[in-house]
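> what follows is a predicted structure for the sequence shown.
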Amino acid sequence: MLKIYFRDRFILASPLYYMSIKKTSDTQATQELVIQVIERGVVEIIEKDHLLEALRGGKKLRVKFGIDPTAPDIHLGHTIPLWKLRHFQELGHTAVIIIGDYTASIGDPSGKDTTRHSLSLKEIKNNSALYKNQILKILKKDQTELHFQSEWFNKFRLKDILELTSRLSVSYLLSHETFRKRLENERPFMAHEMLYPLLQGYDSVMVKADVEVGASEQKFNILTGRVLQKQAGMEPQDVVLTPYLIGTDGAQKMSKSLGNYIGLSEEPNSMYGKLMSIPDALVRDYFTYLTELSKEEIQNLVEGGNPRATKALLAHIITEFYWGKKDADEAAEEFDRVFAQHQIPSDIPAITISKKEINIMDFLVALNLVPSKSEAKRMVEQRAVFINDEIIEDWRQTITPSDGSVVRVGRRKFARVRIK
């Protein structure tokens, strides 16, 4: 049994499923465990019988996952399909990662009612450079292939683009739920957006994918890969669709643009604190999709344990995986010191400003505690702004900053004032 230590106690957790597979001698039991690995945290498997036959037959599979470098951070929502790839690796298969440096320039239209902002080549290059190390926090390096779409699309000429677009009918592309809804709601979409599923699907042809793993909203794009592979005379890839993760707001899909994400590269204190901030209703899903605890253990923790202690265990397990036990322990201690003992953090950033009268909204923006004056006004109205533990109740108020003052917005944002 694997001991997961938590402060002065420990909880016994099951070994990783793939470790059980390796140690199981009974053939039937092994097959059942293979099914568990493939189905845990999975919404849908397309051609399930075909996939299971390949797994049982010992065929070495090329399992594809594509990710667009739309932001510097990979967040915990992205790790759900990445962990599924790790499970395939533990069964002896190869993970094939596609960095979508071309699709990122379009912006995935799936689920969007407006055309997405196109990233510059510089933004794409900078973000892509950070992805490899984050991906390899989960995947095994010796069983991972990393490709950029530019390896093949940089060689495309106009005749190649025309040939690719001739493989799918307009009616097929308009069957995409996103495009259909935009038409129904008289919302525009640009012609280049219709290339997105074609480009993603063509990746599967180029890397000869046997399986593609992706989030459920990617279903149309992934199925397009099957169509293009079949046209190319290849056996269509099987499909493993995973759920999306609700973000820290408890309402919407985890997203960098919505600010409700937890990034893999975030400092331990931030990662731990954000995990402690998720609504209790999300704890079960986070345990299921982001840890290897068994269904029974998760059930006992969620239904039989103390809610705060259970969430603290979740935060510690995840922070420890990405940063190590020492950093996770320190993050837990810092969180308790600030939020349980109501002390100020030990690492408050010091911001230097002029000593002159300033409106509270401008003051909060200057301290980098809010992104805008409108957000500052909203936080004041929510009675969430404090200076030296004194609440600010009027967003029209002007103040004269004092050296050493501690300003807090909400529960987790602090700044110390330095006067120049």
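That came through, no problem. Numbers count the residues shown, from 1 in each chain.

> for residue 226, give me its contacts.
Residue 226 sits next to 46, 201, 204, 236, 237, 239 when contact means C-beta atoms under 8 Å, 6 or more residues apart in numbering. C-beta here means a position set from N, CA and C on the backbone, and glycine is covered the same way.

> which of those residues fall within helices?
Those of the contacts of residue 226 mapping onto helices are 201, 204, per DSSP state H.

> show me which of the contacts of residue 226 has the smallest pLDDT value.
Scanning the contacts of residue 226 for pLDDT, the low point is residue 201. It has 90.

> buried subset of the contacts of residue 226?
46, 201, 204, 236, 237, 239 (16 or more other C-beta atoms under 10 Å).

> do I have it right that the third one meets residue 227?
Read that as residue 204. No: with contacts counted by C-beta atoms under 8 Å, residue 204 stays clear of residue 227, the gap being 9.8 Å.

> can you read off the backbone torsions of residue 146?
phi -120, psi 120 (degrees, to the nearest 10).

> sorry, wrong one. I was asking about residue 44.
Here is the backbone geometry of residue 44 (degrees, to the nearest 10): phi -160, psi 140.

> centre of the chain to stretch 307-322, how far?
Taking C-alpha atoms, centre = their mean, to the nearest Å, the mean C-alpha location of stretch 307-322 is offset from the chain mean by 17 Å.

> need the contact partners of it.
So stretch 307-322 is contacted by 4, 6, 11, 76, 137, 264, 268, 271-272, 275-276, 278, 280, 283, 286-287, 290-291, 301-302, 327-329, 331-332, 335 (C-beta under 8 Å, 6+ apart).

> buried subset of those residues as a PyMOL selection?
Buried members of these, defined by 16+ other C-beta under 10 Å, are picked up in PyMOL with:
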select buried, resi 4+6+11+76+264+268+271+272+275+276+278+283+286+287+290+291+301+302+327+328+329+331+332+335
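
> of the contacts of residue 226, closest to residue 145?
residue 204 (13.4 Å; C-beta to C-beta).

> quick one: residues contacting the closest residue in space to the closest one that isn't next to it in sequence.
For residue 204, ignoring the flanking residues on the chain, the nearest one in space by C-beta to C-beta, 6 or more residues apart in numbering is residue 225 at 3.5 Å. By C-beta under 8 Å, 6+ apart, the contact set of residue 225 is 200, 201, 202, 203, 204, 205, 209, 212, 236, 237.

> which pair in the contacts of residue 226 spans the largest distance?
Top of the distance list for these (C-beta to C-beta): 46 and 201, 14.0 Å.

> now distance to residue 219 too, for the contacts of residue 225, in CSV please.
Formatted as CSV, the contacts of residue 225 follow (distance: C-beta to C-beta, whole Å):
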residue, distance to residue 219
200, 11
201, 12
202, 17
203, 16
204, 14
205, 18
209, 15
212, 10
236, 14
237, 13
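
> what about the contacts of stretch 307-322, which are in helices?
Using DSSP H, the contacts of stretch 307-322 in helices are 268, 271-272, 275-276, 283, 286-287, 290, 301-302, 327-329, 331-332, 335.

> now residue 88. Nearest residue, chain neighbours left out?
That would be residue 63: by C-beta to C-beta, 6+ apart, it lies 4.6 Å from residue 88.

> so after the host helix or strand of that neighbour, what's the next helix or strand?
Here residue 63, judged by DSSP states H and E, is contained in strand 62-67. Using DSSP H and E, the helix or strand that directly follows strand 62-67 along the chain is helix 79-90.

> just the C-alpha atoms of that next one, please, in CSV.
Output of helix 79-90 as CSV, limited to C-alpha atoms (Å, rounded to 0.1, in the frame of the first residue of the first chain):
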residue,chain,number,x,y,z
THR,A,79,-3.6,17.2,-17.1
ILE,A,80,-6.7,15.0,-17.4
PRO,A,81,-5.9,13.8,-20.9
LEU,A,82,-2.2,13.9,-20.1
TRP,A,83,-2.7,11.5,-17.3
LYS,A,84,-4.7,9.3,-19.7
LEU,A,85,-1.6,9.3,-21.9
ARG,A,86,0.5,8.3,-19.0
HIS,A,87,-1.7,5.4,-18.3
PHE,A,88,-1.2,4.2,-21.9
GLN,A,89,2.5,4.7,-21.5
GLU,A,90,2.5,2.4,-18.4
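
> who touches that helix?
With C-beta under 8 Å, 6+ apart as the criterion, helix 79-90 contacts 16-18, 21-22, 37-38, 40-42, 61, 63, 65, 74, 95, 97, 135, 138-140, 143-144, 211, 213-215, 240, 242-245, 264, 289-290.

> how far away is residue 270 from residue 331?
9 Å (C-beta to C-beta, to the nearest Å).

> count of residues packed around residue 185?
8 (other C-beta atoms under 10 Å).

> ok, now residue 45?
Using other C-beta under 10 Å: residue 45 sits among 17 other residues.

> my guess is it meets residue 237, correct?
No: counting by C-beta under 8 Å, residue 45 does not reach residue 237; the two are 11.8 Å apart.

> contacts only, for the residue nearest to residue 145 when sequence neighbours are not counted.
Counting by C-beta to C-beta, 6+ apart, residue 145 lies nearest to residue 96, which is 4.7 Å off, once chain neighbours are set aside. Applying C-beta under 8 Å, 6+ apart to residue 96 gives the contacts 62, 63, 64, 65, 144, 145, 147, 207, 209.

> the longest helix that the chain contains: how far from the chain's middle?
As assigned by DSSP H, the longest helix anywhere in the chain is helix 307-323. Put simply, helix 307-323 sits 17 Å off its chain's centre (C-alpha atoms, centre = their mean).
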